[in-house]
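Engineer: sequence isn't available, so here's the structure alone:
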C-alpha cells in the first residue's frame, strides 16, 4: 500500500503576533479542505510579544497548530530546520507569517507534489507571478541576487525564483543533509545540495506587508554572500554533490 503523505508546515515568527491570527486561521482552513493529515508548527524566536499565548489559544480549537519556542537562537533557516526536526511529516513546508504568502496557494502546491514533483515553490518570477509595491532598487537587487545563483543551479532544474521563502519539499530530499542554520535562503541550498529530482514553480503575487517589519538588513545580505561562497566552494571542490550544473 502507498504511504499516506502528511504535511508539516513551519511558520517562523519573530515579533509577528499581530499577523498570526489571520495567517493561522486562513492556513488552517485551506489545509483542512485537503485530503492530507497536517500540522502547523509556529517556530518563534522568543518574541515575548504575546505569540505564545496567542498560539496556545488557537491550538485549543485547532489541535494541528503547535508552538515551538527557540531560546537564544536567531535566523530564518535555523527556525525552519528546527520545525522540520520536530515533525515526522513526509512533506515539509514553510511560509511567512506576514501574509505576503497567500495561504490559498498551499492547495495548488500540495497538488503539484501529488503529481510527482519533489519540490514545489511559490514563484514571483514564473509566468503570472509579480511583486506588488516593489521599488526599482529592490527589483534590481533581487534580479542580481538570482543571477548570482545561476551557475550553482542544476541546468535541467533551474528555477526562476530560487530565493523564494514559500515552498514544500519531500522529506526524503533533505533528510540527513546538513544545511546552514544561519541566513534566510534555505531554498537555494536545498536546490543545490538536496536530493531533488524534479521541481515545479507556482506563480503568485507577492503581497504587501500588512503588519510587522521587514527582516532585510546588512546582516541578511552578508549571510547570503557567505552562503553563496560556501556553495561555490562546494561546487568546485565536489561537483558531484551539486549535480550537473552545466547541462541545459
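Structural biologist: Structure received. Note that the structure is a prediction, hence the values are computed from the model and not measured.
Engineer: so where do the helices sit in this protein?
Structural biologist: 20-32, 51-59, 76-85, 105-114, 136-149, 171-174, 186-193, 218-237 (DSSP state H).
Engineer: lowest-confidence stretch among these?
Structural biologist: Per-stretch mean pLDDT for the helices of the chain is lowest at helix 218-237 (a mean of 77).
Engineer: what are the buried residues along it?
Structural biologist: Within helix 218-237, the residues scored as buried using 16 or more other C-beta atoms under 10 Å are 223, 224, 227, 228, 231, 234, 235. To be clear about C-beta, it is placed using only N, CA and C from the backbone, and glycine gets the same treatment.
Engineer: please apply the same query to stretch 35-49.
Structural biologist: In stretch 35-49, counting by 16+ other C-beta under 10 Å, buried: 38, 39, 40, 41, 42, 43, 44, 45, 49.
Engineer: any chance of these in CSV, with pLDDT and distance to residue 21 too?
Structural biologist: Below are the buried residues of stretch 35-49 laid out as CSV (pLDDT from 0 to 100; distance: C-beta to C-beta, whole Å):
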residue, pLDDT, distance to residue 21
38, 98, 19
39, 98, 18
40, 98, 13
41, 98, 17
42, 98, 12
43, 97, 17
44, 95, 14
45, 92, 19
49, 91, 13
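Engineer: need the residues you listed in CSV (columns: distance to residue 66).
Structural biologist: Shown next, in CSV, are the buried residues of stretch 35-49 (distance: C-beta to C-beta, whole Å):
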residue, distance to residue 66
38, 11
39, 6
40, 7
41, 5
42, 7
43, 9
44, 11
45, 16
49, 18
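Engineer: surely residue 234 and residue 189 touch.
Structural biologist: No - in this structure residue 234 lies outside contact range of residue 189 using C-beta atoms under 8 Å: 9.7 Å.
Engineer: residue contacts, residue 27?
Structural biologist: 9, 11, 40, 95, 103, 106 (C-beta atoms under 8 Å, 6 or more residues apart in numbering).
Engineer: between those, which has the most around it?
Structural biologist: Tallying neighbours with other C-beta atoms under 10 Å puts residue 11 at the head of those, with 28 neighbours.
Engineer: so how far is residue 206 from that one?
Structural biologist: Counting by C-beta to C-beta, to the nearest Å, the separation of residue 11 from residue 206 is 17 Å.
Engineer: what's the pLDDT at residue 155?
Structural biologist: pLDDT for residue 155: 74.
Engineer: just give me the neighbour total for it.
Structural biologist: Neighbours of residue 155 using other C-beta under 10 Å come to 13.
Engineer: go on, residue 109?
Structural biologist: 24.
Engineer: leaving out chain neighbours, which residue sits closest to it?
Structural biologist: Ranked by C-beta to C-beta, 6 or more residues apart in numbering and with sequence neighbours excluded, the top spatial neighbour of residue 109 is residue 120, at 4.5 Å.
Engineer: pretty sure that neighbour is in contact with residue 106, am I right?
Structural biologist: No - using C-beta under 8 Å, residue 120 makes no contact with residue 106, being 9.8 Å away.
Engineer: mutual contacts of those two, please.
Structural biologist: Listed as contacting both residue 120 and residue 106 by C-beta under 8 Å, 6+ apart are residue 168.
Engineer: look up how far residue 119 lies from residue 88.
Structural biologist: Distance of residue 88 to residue 119, given as C-beta to C-beta: 19 Å.
Engineer: between those two, which has more neighbouring residues?
Structural biologist: Comparing residue 88 with residue 119 by other C-beta under 10 Å, the one with more neighbours is residue 119, at 26 against 10.
Engineer: got the contact list for the more buried one?
Structural biologist: 167, 168, 169, 170, 173, 190, 191, 194, 196, 198, 199, 200.
Engineer: write the ChimeraX selection for whichever of these are buried.
Structural biologist: With 16+ other C-beta under 10 Å as the criterion, this ChimeraX line picks the buried residues out of the contacts of residue 119:
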select :167,168,169,170,173,190,191,194,196,199,200
